[in-house]
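>>> After the sequence you'll find the predicted model.
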Amino acid sequence: MVSGPGGVGKGTIARLLVERDGRLWLSRSWTTRPQRPGEPDDAYVFVDHDTFRSHIEADGFLEWAEFHGNLYGTPWPDAPDDRDLLLEIDVQGARSVAERDPAALLIFVDSPTRSDQAERLRQRGDPEDAVRRRLAEGDRERSRAADLAAIEVINDDLARTVEEIASLIEARRGA
C-alpha cells in the first residue's frame, strides 16, 4: 500500500511503479469528488453519491471513507494471479486494509516539508480552503502512519522515491 497526505505524489508514484514493474497491478479507487482539471480519466473511477452508496450496500468495497464531503473507496480487488496488488490509498484506508491483512507492506509517502505539500496542492489546482484542510489532515495522517509502523519515504526526488519503493517491494517479495 502506498499512502500519504494529499499532494505528496502518491498517484504519480503508483503509476510509475506499475509502468516499471509488470508484476504490479494497481487497484483503481472510486470517488464522488469531481475530476480535477488535467487529472487523468483513470486516476479514479468517478461516480455519483448514489452509485457509490449502492456499492457500499452491496459490500463492494474493501475499505471506504468520507473525506471533506466526498466518498472514497477501494473496491474488492481482482488482481490477476501472477500480479502483486498495489493500493494507492489514504492512511485511514491503509489502517482498514492492514487490519484485514497485517502482513501487507505499508509505505507512507510524504513531502519534504509542509510548505512543499501546500505548493504541490496549489499546482494541481486545489483552492486555498482545500489546501488548508488537506494540510491539517496531512498532520493527522502523519501521526496515524506512525501508529501503523508504516515505512516512511520522503518524495523529495521522484525518480529516487520510485526506486526506493520499488526496492522495498522487491525486498518483500524476496522475504
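Perfect, I can see it now. Residues are numbered from 1 along each chain as shown.

>>> What is the neighbour count of Ser167?
10 (other C-beta atoms under 10 Å). Quick note: C-beta positions are derived from backbone N, CA and C, even for glycine.

>>> I misspoke; the intended subject was Glu137.
17.

>>> For the helix or strand hosting it, buried residues please.
Glu137 is part of helix 128-147, with elements assigned from DSSP states H and E. Burial within helix 128-147, assessed by neighbour count using 16 or more other C-beta atoms under 10 Å, is assigned to 131, 133-135, 137-138, 141-142, 144-145.

>>> For those residues, could you give me CSV that also reports pLDDT?
Below are the buried residues of helix 128-147 laid out as CSV (pLDDT from 0 to 100):
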residue, pLDDT
Val131, 95
Arg133, 94
Arg134, 92
Leu135, 96
Glu137, 92
Gly138, 93
Glu141, 92
Arg142, 93
Arg144, 88
Ala145, 89
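
>>> Same list (those) but as a markdown table, adding distance to Ile169.
As requested, those are exported to a markdown table (distance: C-beta to C-beta, whole Å):
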| residue | distance to Ile169 |
| --- | --- |
| Val131 | 31 |
| Arg133 | 31 |
| Arg134 | 27 |
| Leu135 | 29 |
| Glu137 | 26 |
| Gly138 | 24 |
| Glu141 | 21 |
| Arg142 | 22 |
| Arg144 | 22 |
| Ala145 | 18 |
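
>>> From the contact counts, what lies against the next helix or strand after the helix holding Glu137?
Using DSSP H and E, the helix or strand that follows helix 128-147 in sequence is strand 151-154. Applying 3 or more C-beta pairs under 8 Å, 6 or more residues apart in numbering; DSSP states H and E, we find strand 151-154 packed against strand 107-110, helix 158-174.

>>> Can you give me the buried ones in the last one?
Judged by neighbour count using 16+ other C-beta under 10 Å, the buried positions of helix 158-174 are 161-162, 164-166, 169.
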